[in-house]
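Chemist: pasting the sequence and the predicted coordinates here, then a few questions.
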Amino acid sequence: MKCDSNGRYIDPNTPPPPLFERSSDDWGPYGSRLRFETAEFIFREAEMSASKIDKLCYLWGCSSSGGQPPFLDHKELYKTIDATELGDVRWNSFKLKFNGERPADNIPPWMDEPYEYWFRDPLSLVENILSNSEFHGEFDYGPYRDFTTGDSKRRFEHFMSGDWAWSQADAIARDPSTHGATFVPIILGSDKTTVSVATGQNDYWPVYLSVGNIHNNVRRAHRNGVELLAFLAIPKAAKKYTDDPTFWRFKKQLFHVAMSKILGSLKGCMTVPRVMKCPDGHFHRVICGIGPYIADYLEQVLISGIVQNWCGRCTASPDDLDAGGPTRTAQLMRALIEELQASATWDEWGIDANVVPFTEDFPRADIYQLLAPDILHQLIKGGFKDHLVEWVGKYLELVYGKAGAKERLADIDRRIAAAPPFPGLRRFPDGRGFSQWTGDDSKALMKGHVPTEIVQTFHAFLEFCYIVRQNVITEDTLSDLKTALDRFHQHREIFRDVGVRVDGFSLPRQHSLVHYGALIRLFGAPNGLCTSITESKHITAVKKPWRRSSKHNALGQILRTNQRLTQLAAARADYEARGMLPLETSRTTQGLNDGEDEDERAGIVDERPVLAHSDVKLARCHARGRARSVPALAVELGIPKLSRLIGQFLYEQLHRETVSSPTHPRRLPVFTGPLKVFHSATATFVSPSDPSGIGSMRREMIRAIPTWHRGPARYDTIFVSTDDTANGMLSMEVARVLSFFSFVYTNGYSYPCALIHWFDRIADEPDELTGMWMVKPSFIEDGTKHLSVIHVDSIIRNAHLLPIFGQERVPPYINAHNSLDIYRSFYVNRFADHHAFELAS
């Protein structure tokens with residue numbers, strides 16, 4: 001409920017108070033727009049070191065005809081940013097050391113070592129996030145339950161659509177002193193295994209903070225919705241002490257004591273409402289609560305105080321995890337620790353009685369309920385790469401011996417190398433090695449080398465992974481998820497039968513799949529709670545600041561860099577809200593320059609979606625040295641009937657209502673004017689389940705170029721919309737682009753076109769074994785290619801085709817550049833990315 005600055009509730013229709021106390025020309029410490037944008041460019045975008053900043057300022061001053069550059073040197077630049085009041089949350093530190101019982105002599109050095117922790121006030125970080133007007137419209141002020149239209153089935157999407165937030169808000173509403181308050185869940189995350197930072201003699205690993213109210217797409221795109229909270233010390237000891245039980249207990253409890261101290265400022269706000277300004281410009285009485293913790297399995301062991309190889313969510317025995325067990329709760333664990341010996345809690349319940357989780361210091365917090373799902377480590381790195389891929393390698397060795405397995409893996413490598421290029425998939429001309437397989441290519445590439453049951457195992461597992469990654473999950477989706485999991489459990493038995501997994505499948509990360517249905521109901525779609533978010537944030541918060549540092553005592557420089565980045569971001573948001581700067585967008589939806597590198601402009605798009613499906617545009621500049629007329633292009637492409645194809649296209653464009661009518665004979669227009677050929681087009685589309693910007697948009701290149709990077713030609717395959725009344729693959733056809741061109745017809749209209757070669761579906765349903773549709777190049781009765789000219793508006797995006805290799809080995813002369821020309825049947829790879837998975841169903 002809305003309130004005034006004193007916490008008194010107001011009429012819901014009351015307009016928000018004035019946003020700004022300063023004038024629209026007040027640039028604060030920067031003084032002008034030029035100085036702010038220069039500071040932002042140098043520090044945030046170019047990420048210059050101090051020495052390079054000094055050089056730039058010197059050269060700027062020398063070339064300014066006696067004028068002064070915006071900043072004299074890096075010191076003035078840093079001082080100006082530091083003077084920015086908005087977003088200024090300073091770093092603090094404290095030290096902890098061992099205070100337990102010590103031996104009489106030979107005291108281990110680690111017992112005397114102080115461990116330093118750096119952190120920013122979490123309450124201030126939460127206030128900064130909530131006051132950011134950029135989040136207006138993408139911020140939920142209360143939990144909700146969403147239902148599909150017509151059938152009243154639940155839909156789970158953003159965090160506040162889950163049952164956990166609902167139950168927390170219920171508890172808050174029952175207390176008269178907090179009734180009507182806005183509940184703000186505090187989401188925490190870290191990844192100790194990959195993000196430690198060595199600084200001098202100490203190692204640190206970062207912890208991040210977000211709030212559950214912002215939408216999943218905002219959290220994935222960051223946009224100041226994920227903040228660096230702390231750097232935790234990693235205690236080290238001499239090798240002879242590393243297996244000392246006392247040292248291990250100390251390391252575990254040190255984490256929890258530190259986290260409790262770091263989060264201490266939030267505790268008061270968990271029982272007494274605090275007035276905060278929110279993205280809608282209004283004040284709200286806020287009650288915070290510890291929310292999910294994003295972490296991989298090994299870190300979940302630390303966070304929850306369980307014994308390794310046990311499950312943090314249930315009490316299933318590590319010898320048979322999939323048999324299940326009662327749900328873990330903090331209340332149950334406290335009772336067991338109180339009643340049983342420490343050895344019994346360890347052996348029989350998987351609890352380390354010496355560890356007190358930090359959540360015990362905060363109201364309404366149950367760590368066992370707050371362990372978030374982790375698609376990246378549990379599914380992709382765990383279930384897929386560490387389990388299934390490794391098992392296939394062992395299977396091949398068991399059946400064919402090491403030499404035979406090596407030969408088959410070499411053929412799989414050649415299949416990988418022969419797969420046509422596709423945006424977002426790294427190209428490996430010589431293969432990638434078995435350990436580098438990804439889910440997008442595994443099933444089709446294995447076929448012919450492993451039994452059908454193994455292919456079915458991969459199919460079921462990947463179905464589960466792609467379903468669970470969807471942006472919106474419904475009751476029907478949950479049913480599909482359960483079906484995929486059941487199929488996976490059924491088909492994986494092949495690995496037990498052939499002797500690869502004689503001891504079964506009691507593996508914590510694989511066991512975690514059984515909890516995903518419940519976790520989705522609790523927390524919404526899992527793609528909003530994944531370690532990929534913290535790993536991505538780590539690049540901007542740790543890796544890049546470390547690279548620009550002097551490497552000497554780097555932690556202090558990393559802390560200051562993050563503080564300055566936060567201040568710049570807050571300043572920009574303020575200037576945008578006051579109309580002093582246009583809203584920042586990374587790219588427009590215009591096409592790329594011909595020849596511009598694919599990685600330069602493709603990928604994540606930080607724009608709000610203004611399109612229903614996709615938007616395709618030709619490159620901004622036409623190709624030089626290419627044909628400029630229809631006859632010349634027909635000769636260049638070797639397609640004598642190009643003029644007729646253009647005439648058919650024009651007839652359909654000019655006679656949309658009568659094109660199918662037998663009462664209107666087709667008299668094709670003739671185009672004789674000039675045209676322009678393009679080597680590429682860009683497709684921009686909404687893809688919330690893939691890495692995308694704040695508007696859930698991505699952009700990719702479509703190529704039709706006779707020589708790619710001074711090598712062979714590249715002619716991409718695409719999805720073409722052909723039937724708006726159908727769904728999935730039945731609404732589209734697959735085609736290969738042979739040329740992009742545009743021309744202006746006599747009616748004055750410009751027509752951006754693509755010359756395409758159609759593909760036909762081999763069957764009316766997907767292949768049962770792989771779950772993928774199969775297509776083949778289309779030819780007409782005289783044996784020539786089935787070609788058409790289409791408007792680029794009918795193109796949806798790239799399609800990835802994988803050759804159907806069969807039993808034959810891949811000859812060495814076949815590669816990614818010619819496989820589309822040599823093979824005669826292909827799988828439509830719906831596992832290329834999550835958008836393709838949803839499209840090609």
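Modeler: Sure thing, it's come through. Numbering: from 1, shown residues only.

Chemist: any weak-confidence spans in the protein?
Modeler: Counting by pLDDT under 70, the chain contains low-confidence ranges at 20-21, 64-66, 192-202, 222-223, 426-448, 584-613, 657-665, 688-696.

Chemist: rerun at 50
Modeler: Across the chain, residues meeting the criterion (pLDDT under 50) sit at 194-195, 432, 434, 586-601, 608-612.

Chemist: all helices for the stretch 701-841 of the chain, in order.
Modeler: When assigned using DSSP state H, counting those that start in this stretch, the helices of the stretch 701-841 of the chain occupy the ranges 819-822, 834-839.

Chemist: ranking those by burial, who's on top?
Modeler: Looking across these with neighbours counted as mean count of other CB atoms under 10 Å, the highest average goes to helix 834-839: a mean of 22. Where you see a C-beta, it was placed from the backbone N, CA and C, and this is true even at glycine.

Chemist: so L507 makes contact with D320?
Modeler: No: with the criterion set as CB atoms under 8 Å, L507 and D320 do not qualify as a contacting pair; they are 11.3 Å apart.

Chemist: and L263, which of the helices of the stretch 701-841 of the chain is closest to it?
Modeler: Taking CB to CB as the measure, the helices of the stretch 701-841 of the chain were each checked against L263, and helix 834-839 came out nearest at 33.7 Å.

Chemist: send me the closest one as PDB with only the CA atoms.
Modeler: Once non-C-alpha atoms are left out, helix 834-839 reads as follows in PDB (Å, rounded to 0.1, in the frame of the first residue of the first chain):
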ATOM      1  CA  HIS A 834      15.500 -21.900 -26.100                       C
ATOM      2  CA  HIS A 835      13.700 -19.700 -28.600                       C
ATOM      3  CA  ALA A 836      14.200 -22.400 -31.300                       C
ATOM      4  CA  PHE A 837      12.900 -25.000 -28.800                       C
ATOM      5  CA  GLU A 838       9.700 -23.100 -28.500                       C
ATOM      6  CA  LEU A 839       9.400 -22.300 -32.200                       C
END
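
Chemist: chain center to that helix, what's the gap?
Modeler: Centroid separation for helix 834-839 versus its chain: 15 Å, with CA atoms, centre = their mean, to the nearest Å.

Chemist: so V275 bridges to which residues?
Modeler: Applying DSSP bridges to V275 gives these bridge partners: R285.

Chemist: pretty sure it contacts R285?
Modeler: Yes: under the criterion of CB under 8 Å, V275 makes contact with R285 at 5.9 Å.

Chemist: look up the closest residue to D25, ignoring the ones flanking it.
Modeler: Once flanking residues are discounted, D25 sits nearest to M580: 7.4 Å by CB to CB, 6 or more residues apart in numbering.

Chemist: just Y204 next, same as before
Modeler: In this structure, Y204 finds its nearest non-sequential neighbour in F231, 4.0 Å apart by CB to CB, 6+ apart.

Chemist: does the residue nearest to S190 when sequence neighbours are not counted sit in a helix, a strand or a coil?
Modeler: With CB to CB, 6+ apart as the measure, V207 is the residue that lies nearest to S190, at 4.6 Å, once sequence neighbours are left out. In the three-state summary, V207 is assigned as strand, counting by DSSP: H, G, I helix; E, B strand; the rest coil.

Chemist: next up, the contacts around V207.
Modeler: L188, G189, S190, L228, L229, A230, F231, L232, M259, I262 (CB atoms under 8 Å, 6 or more residues apart in numbering).

Chemist: off-centre distance for the strand or helix carrying the fourth one?
Modeler: I take that to be L228. Assigned by DSSP states H and E, L228 belongs to strand 227-234. Once both centres are worked out by CA atoms, centre = their mean, strand 227-234 turns out to sit 22 Å from its chain's centre.

Chemist: ok, G180 to P273 distance?
Modeler: Between G180 and P273 the distance is 9 Å, computed by CB to CB, to the nearest Å.

Chemist: any residues in contact with both of the two?
Modeler: Shared contacts of G180 and P273, counting by CB under 8 Å, 6+ apart, come down to R285.

Chemist: still on that earlier bit, partners of the strand holding L228 in the sheet?
Modeler: Within its sheet, strand 227-234 is paired with strand 115-120 (antiparallel), strand 202-211 (antiparallel), according to DSSP bridges.

Chemist: reformat these as CSV; add distance to P12.
Modeler: Formatted as CSV, the strands paired with strand 227-234 follow (distance: least, CB to CB, whole Å):
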stretch, distance to P12
strand 115-120, 34
strand 202-211, 22
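
Chemist: which of those sits most buried?
Modeler: Ranked by mean neighbour count under mean count of other CB under 10 Å, the strands paired with strand 227-234 are led by strand 202-211, which reaches a mean of 22.

Chemist: coming back round to it: show me which of G180 and P273 is the more surrounded one.
Modeler: Relative neighbour count places P273 above the other of G180 and P273, with 21 against 15, counting by other CB atoms under 10 Å.

Chemist: show me what contacts the closest residue to the more buried one other than its chain neighbours?
Modeler: Spatial nearest neighbour of P273, excluding adjacent residues (CB to CB, 6+ apart): R285 at 3.7 Å. Applying CB under 8 Å, 6+ apart to R285 gives the contacts M1, C3, G7, T178, G180, A181, T182, P273, R274, V275.

Chemist: for those residues, which one is nearest T14?
Modeler: Of all these, the one sitting nearest T14 is C3; the distance, using CB to CB, is 9.9 Å.

Chemist: L507 and D320 - which one has more neighbours?
Modeler: Neighbour tally, L507 and D320, criterion other CB under 10 Å: the higher count belongs to L507, 19 against 13.

Chemist: ok, the more buried one to Q308 distance?
Modeler: If you go by CB to CB, the gap between L507 and Q308 works out to 12 Å.

Chemist: relative to Q490, how far out is the residue nearest to S190?
Modeler: Between V207 and Q490 the distance is 40 Å, computed by CB to CB.

Chemist: ok so, going back, beta partners of the residue nearest to S190?
Modeler: Taking DSSP bridges, one obtains S190, A230 as the residues bridged to V207.

Chemist: do you know how far it is from Q308?
Modeler: The separation that V207 has from Q308, given CB to CB, amounts to 21 Å.

Chemist: show me where the stretch 551-700 of the chain has strands.
Modeler: 603-605, 614-618, 675-678, 680-686, 697-705 (DSSP state E, counting those that start in this stretch).

Chemist: who does the last one pair up with?
Modeler: On the basis of DSSP bridges, the sheet neighbours of strand 697-705 come out as strand 603-605 (antiparallel), strand 680-686 (antiparallel), strand 714-715 (antiparallel).

Chemist: any chance of those strands in TSV, with mean neighbour count and distance to D411 too?
Modeler: What follows is these, written out as TSV (neighbours: other CB atoms under 10 Å; distance: least, CB to CB, whole Å):
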stretch	mean neighbour count	distance to D411
strand 603-605	22	32
strand 680-686	23	33
strand 714-715	20	25
